[in-house]
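K.L.:
structure for the following, please:
(one chain, ligands or ions: 1)
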Amino acid sequence: MIDADTLEITPALTIAGTISVPGDKAISHRLAMLGAVARGSTVIHNFAESADCASTLECVRRLGVTVERDQNIVRIEGRGFSGLQKPALELDAGNSGSTVRFMSGLVAGTPFESTFVGDASLSRRPMKRVIDPVRRFGAKVQARDDNFLPMTITGGPLSAIDFTLPIASAQVKTAVLFAGLQARGTTIVREPVQSRNHTEIALAQFGARVRTGPNTIEIDGGQELRGSEFSVPGDASSAAFFVAAALAVPNSKLRLANVGLNPTRTGFLRLLQEMQAKIEIVPASDTGAEPVGEIVVETSNIAGMEIGGHWIPNVIDEIPMLAILGTRTRNGIRIRDAAELRAKESDRIHSVATNLRVLGARVEEYPDGLFVPGQQRLVGGVVDSFGDHRIAMAFAVAGLFAAGPVVIKDPACAAVSFPSFYDLLNQVRA
Ligand code: S3P
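P.N.:
Purely as a prediction, here's the structure:
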């Protein structure tokens with residue numbers, strides 16, 4: 001944890017070594033919530049160290065579920081959906097969109113009222129995307145301007161829905177599947193393009209039958225989940241910052257062990273490989289439902305490309321880092337079809353473009369993306385994290401390959417996903 005108002009990152013000579021990044025945030029949220037409504041004990045090893053996942057655990061506790069944590073091992077005593085109790089306090093999701101959106105589906109079928117609150121950033125983020133399906137299932141929802149926190153859900157008996165996601169969002173898909181599990185009948189979710197499938201995988205691991213087809217998922221209501229034991233892979237989105245650092249800093253070679261290699265999350269690596277980046281991916285031989293493996297990265301001369309369409313949900317959290325890497329490519333990186341970035345922890349198109357300009361780069365901003373021309377050397381400067389963990393970390397990496405020091409304002413927000421990020425960065429840099 002760092003508490004200073006600013007952090008200076010100086011240019012690095014090399015990035016080298018072998019590291020493991022902490023457990024995956026997206027998977028940890030899902031396992032904790034499903035463990036809470038399963039029957040029996042769930043033990044989760046390598047649970048994410050992220051502050052967002054701690055918010056999920058606290059919300060689960062407030063719903064009357066016993067949760068014990070010893071460092072990165074979490075034990076949850078689930079008593080089924082009927083074991084959830086009316087929270088005496090508000091469910092505080094902090095900065096975490098996943099916590100509030102996933103949980104909106106989880107509490108939709110309960111016979112009580114739950115009120116979600118969050119920090120200033122989360123309170124600006126749209127909830128209509130989960131309010132609409134949760135209402136269609138039959139729950140009552142009240143929210144500020146019918147879109148923002150605080151949001152109160154009064155659960156009740158649910159009827160299955162056939163829901164087409166208006167936007168590709170794994171968070172909304174998850175809310176619908178969690179509510180579908182409690183509904184009468186078969187719920188169908190249709191996705192415009194495939195988003196991360198951790199929920200489908202986790203549901204199956206808890207013993208639920210989930211039928212998946214090309215961009216459709218079906219779940220029967222009334223199934224009971226069974227608690228189980230899990231080991232969470234390293235977070236591919238956290239690994240992405242280190243991959244980028246090793247690609248861009250001269251004379252680097254970095255090995256990342258035990259990284260999650262679910263193909264719905266590894267677009268960042270595959271796109272960079274297409275751009276001739278030297279990235280070797282070595283899957284572990286005994287990969288389970290959530291594959292893991294090792295990544296070896298070396299300094300590379302990267303071509304650049306346009307990224308849009310079906311790639312976007314796969315790389316949505318890595319786009320700030322990809323855009324910054326654009327400065328180090330031969331032809332630049334253009335991002336399209338990514339208007340969703342404007343609804344993240346900050347408006348990430350604006351945050352990236354503003355900070356890149358502060359560091360002397362040319363950037364073209366579009367409503368749905370940006371173009372970062374290649375062959376640009378960033379200069380030092382003072383950038384803002386905009387209170388957004390991924391912006392803080394992406395520009396810390398920029399500081400490693402800029403011509404001068406990069407000072408980051410409000411760097412501590414990195415803890416939202418990756419509290420040990422700066423320590424690990426210091427460990428691999430010289
Ligand atoms: C997530 C889905 C994505 C992603 C977020 C985590 C998930 O959000 O940006 O960090 O784990 O389901 P959207 O579903 O809003 O695109």
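K.L.:
for Ala143, which non-adjacent residue is closest in space?
P.N.:
Met151 (4.0 Å; CB to CB, 6 or more residues apart in numbering). All C-beta spots, glycine's among them, are computed from the backbone N, C-alpha and C.
K.L.:
scratch that, Val292
P.N.:
Pro233 (4.2 Å).
K.L.:
low pLDDT regions in the protein?
P.N.:
1-3, 287 (pLDDT under 70).
K.L.:
ok, back up a step: residues in contact with the residue nearest to Val292?
P.N.:
The contact partners of Pro233, by CB atoms under 8 Å, 6 or more residues apart in numbering, come to Gly23, Asp24, Ile27, Asn46, Asn258, Val259, Gly260, Leu261, Asn262, Glu290, Pro291, Val292.
K.L.:
could you check how far it is from the ligand?
P.N.:
Using CB to the nearest ligand atom, to the nearest Å, Pro233 is found at 14 Å from the ligand.
K.L.:
can you check Asp52 too?
P.N.:
9 Å.
K.L.:
dump the residue contacts of that residue.
P.N.:
Contacts of Asp52 by CB under 8 Å, 6+ apart are Lys25, His29, Gly94, Asn95, Ser96, Ser98, Thr99, Val416, Ser417.
K.L.:
with Ser20 instead?
P.N.:
With CB under 8 Å, 6+ apart, Ser20 has these contacts: Gly234, Leu256, Ala257, Asn258, Val259.
K.L.:
try Ala289
P.N.:
If you count contacts by CB under 8 Å, 6+ apart, Ala289 has them with Ile201, Ala204, Gln205.
K.L.:
next, Lys140: phi, psi?
P.N.:
Per-residue torsions, Lys140: phi -100, psi 140 (degrees, to the nearest 10).
K.L.:
tell me how many other residues crowd it.
P.N.:
Residues within reach of Lys140, counting by other CB atoms under 10 Å, total 13.
K.L.:
got it, and the one 4 residues further on?
P.N.:
Taking other CB under 10 Å as the criterion, the count of residues near Arg144 is 11.
K.L.:
which positions in the stretch 201-350 of the chain make contact with the ligand?
P.N.:
Taking CB under 6 Å from any ligand atom as the measure of proximity, the stretch 201-350 of the chain contacts the ligand at Ile316, Asp317, Glu340.
K.L.:
is Phe163 in a helix, a strand, or coil?
P.N.:
strand (DSSP: H, G, I helix; E, B strand; the rest coil).
K.L.:
so it touches Thr186, yeah?
P.N.:
No - with contact defined as CB atoms under 8 Å, Phe163 does not reach Thr186; the gap is 11.8 Å.
K.L.:
which of the contacts of Ala289 fall in strands?
P.N.:
In strands, judged by DSSP state E, none of the contacts of Ala289 are found.
K.L.:
ok, these vs Phe242, which is closest?
P.N.:
Checking the contacts of Ala289 against Phe242 by CB to CB gives Ile201 as the nearest, at 24.6 Å.
K.L.:
contacting residues around that closest one?
P.N.:
Listed by CB under 8 Å, 6+ apart, the contact set of Ile201 reads Asn262, Ala289, Glu290.
K.L.:
could you measure from it over to Val43?
P.N.:
Distance of Ile201 to Val43, given as CB to CB, to the nearest Å: 18 Å.
K.L.:
stretch 108-122 vs the ligand: in contact?
P.N.:
No - using CB under 6 Å from any ligand atom, stretch 108-122 stays clear of the ligand, with a minimum separation of 12.1 Å.
K.L.:
tell me who's in contact with Gly222.
P.N.:
Applying CB under 8 Å, 6+ apart, the residues contacting Gly222 are Gln182, Arg184.
K.L.:
now do 10 Å
P.N.:
Phe81, Leu181, Gln182, Ala183, Arg184, Gly185 (CB atoms under 10 Å, 6 or more residues apart in numbering).
K.L.:
next, see if stretch 392-408 gets close to the ligand.
P.N.:
No - under the criterion of CB under 6 Å from any ligand atom, stretch 392-408 makes no contact with the ligand; the nearest approach is 13.2 Å.
K.L.:
also stretch 169-179?
P.N.:
Yes - with CB under 6 Å from any ligand atom as the criterion, the ligand is reached by stretch 169-179 at Ser169, Ala170, Gln171, Thr174.
K.L.:
report the contact partners of the one residue sitting closest to the centre of the chain.
P.N.:
Geometric centre of the chain, nearest residue: Ala26, 5.3 Å, by CA atoms, centre = their mean. By CB under 10 Å, 6+ apart, the contact set of Ala26 is 48, 50, 52-53, 98, 102, 170-171, 174, 196, 198-199, 202, 232, 235-237, 260, 262, 265, 317, 417.
K.L.:
so which of those residues are in helices?
P.N.:
Asp52, Cys53, Ser98, Phe102, Ala170, Gln171, Thr174, His198, Thr199, Ala202, Ala236, Ser237 (DSSP state H).
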